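**Student:** Just to be clear, the model below is a prediction. Sequence and coordinates:
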Amino acid sequence: MRVLAAMSGGVDSAVAAARLRDAGHDVTGVHLALSAKPATMREGARGCCSVEDSRDARRCADVLDIPFYVWDMAARFREDVVEPFVAEYAAGRTPNPCLRCNEKIKFSAVLERARALGFDAVGTGHYARLSPDGVLRRAADPDKDQSYVLGVLRPDQLAGALFPLGDSPKTAVRAEAAARGLVVAEKPDSHDICFIPSGDTRGFLAARIGEAPGVMVDPAGEVVGHHRGVHDFTVGQRHGLGIDRPAPDGRPRYVLGLEPVSRTVRVGPAEDLDVTALAATSPVWLVDPPAHDLTCVVQVRAHGGLAGATVRAVGDGVEVVLDEPLRGVAPGQAVVFYRPEPGGDVVLGSATIASTSG
Ligand SMILES: Nc1ncnc2c1ncn2[C@@H]1O[C@H](COP(=O)(O)OP(=O)(O)OP(=O)(O)O)[C@@H](O)[C@H]1O
């Protein structure tokens, strides 16, 4: 096959490209320039498309002796990932930009361009297992599993994807990189949000949304604090709330809900975070859409948030009833449906969480 290896300049995608080449594919490396102003990163930091990352990807391609290109996808990335990320926060939701990038950039814009150029597939360093018949499973390394952020892909997108690292623990991937003489073997893992390398999401959002001050209210409707904008918060957040009046019982308060129109942040005790059902929109199915109640395991955020559930299609969306309550379920995140199996849980589909109920 002719395979386009997406090379971030990190260790995972370098080893993925190497394995694809060794498997006999005709491999070309491509680094995506995702920032309009690629900066030089401070030492030890990682982010998307710093000058160093692009250079590292090229050096790895040289070691592997494969052709290498840089594709400027900055405008698409800004339009399809960064701007929706900011808009979602402004609307009181908690988006997952990695998931959006997989859906709109890597397995959409990049895959389309690759196919137009005669490539059969795009290979990445994601940790997930994908069989030739399109069955997507969790990775063998549970700490690195990225099936959640890939669960949003449609079957036609997965048909053009290759994930050569799904069976490997990360330690083995680093050792392999060193053995292959890839200079990135010791490079630190990238941040969750590649376009905010400082990790200061609040600052990033504040600079783009500005201030939209409002109040914090407790379950009794009492005003217990003030804030600079609902985008500063995520459902389930405990720290950095800036509450003026502590709870009468002295217990910690958490963010329960965000109401951008009235600029209200609802706060309350931990048990009020319990969610037993949720409604989700824009479902994507890798199996036939369930005509009846589907029993499965759901994951509601990138790390953790697992529960048994019953899923049913309702109109254009789905309703999910959880077997046991989950905390910290935020509208805007994806719910991914899994069927437990010994060889790795199988991804059945996903949807975007619209609302929750306790
Ligand atoms: N700027 C980029 N250019 C090309 N491919 C990219 C880029 N960013 C990410 N990718 C691809 O998407 C995959 C998953 O991205 P993620 O940000 O999760 O990286 P990662 O797991 O830290 O991998 P790596 O060690 O390769 O950076 C990468 O392995 C790579 O194949």
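**Tutor:** Looks like it came in fine. All of these numbers come straight from a predicted model, not from anything done at the bench.

**Student:** Please count neighbours and contacts with C-alpha atoms only from this point.
**Tutor:** Noted.

**Student:** This protein against the ligand: which residues are in contact?
**Tutor:** Within the chain, the residues that sit near the ligand (Cα under 6 Å from any ligand atom) are 6-13, 30-33, 48-49, 124-126, 189-190.

**Student:** again, only using 5 Å
**Tutor:** 6-8, 10-13, 31-32, 124-126, 190 (Cα under 5 Å from any ligand atom).

**Student:** Only the buried subset of these, as a PyMOL command please.
**Tutor:** To isolate the buried members of the residues of the chain next to the ligand in PyMOL, using 16 or more other Cα atoms under 10 Å:
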select buried, resi 6+7+8+10+11+12+13+31+32+124+125+126
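
**Student:** can I get the residues of the chain next to the ligand in JSON lines with distance to residue 237?
**Tutor:** Listed next are these as JSON lines, based on distance: Cα to Cα, whole Å:
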{"residue": "6", "distance to residue 237": "34"}
{"residue": "7", "distance to residue 237": "34"}
{"residue": "8", "distance to residue 237": "31"}
{"residue": "10", "distance to residue 237": "31"}
{"residue": "11", "distance to residue 237": "32"}
{"residue": "12", "distance to residue 237": "31"}
{"residue": "13", "distance to residue 237": "33"}
{"residue": "31", "distance to residue 237": "35"}
{"residue": "32", "distance to residue 237": "33"}
{"residue": "124", "distance to residue 237": "32"}
{"residue": "125", "distance to residue 237": "31"}
{"residue": "126", "distance to residue 237": "28"}
{"residue": "190", "distance to residue 237": "23"}
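
**Student:** Just the residues of the chain next to the ligand: which are in strands?
**Tutor:** Counted as lying in strands by DSSP state E, out of the residues of the chain next to the ligand, are 6, 31-32.

**Student:** The helix or strand containing residue 4 packs against which elements?
**Tutor:** Per DSSP states H and E, residue 4 falls inside strand 2-6. For strand 2-6, the elements it packs on are helix 11-22, strand 26-33, strand 121-123, judged by 3 or more Cα pairs under 8 Å, 6 or more residues apart in numbering; DSSP states H and E.

**Student:** quick check, distance from the longest one to the centre of its chain.
**Tutor:** Relative to the mean C-alpha coordinate of its chain, helix 11-22 is positioned 22 Å out (Cα atoms, centre = their mean, to the nearest Å).

**Student:** what packs against the helix or strand where residue 177 lies?
**Tutor:** If you go by DSSP H and E, residue 177 is part of helix 170-179. Judged by 3+ Cα pairs under 8 Å, 6+ apart, helix 170-179 is in contact with helix 11-22.

**Student:** can you give me the angle the helix it packs on makes with helix 170-179?
**Tutor:** 70 degrees (axes from the mean of the first three to the mean of the last three Cα atoms, to 10 degrees).

**Student:** Show me which residues of helix 11-22 are buried.
**Tutor:** Buried residues in helix 11-22 (16+ other Cα under 10 Å): 11-21.

**Student:** tell me the domain boundaries of this protein?
**Tutor:** Domain ranges of the chain: 2-179, 211-270, 274-357, per automatic domain parsing.

**Student:** What's the end-to-end length of the shortest one?
**Tutor:** When you say that, I think you mean domain 211-270. 28 Å (Cα to Cα, to the nearest Å).

**Student:** what about it, average pLDDT?
**Tutor:** Mean pLDDT, computed over domain 211-270, is 91.

**Student:** I'm done for today, thanks for sticking with me.
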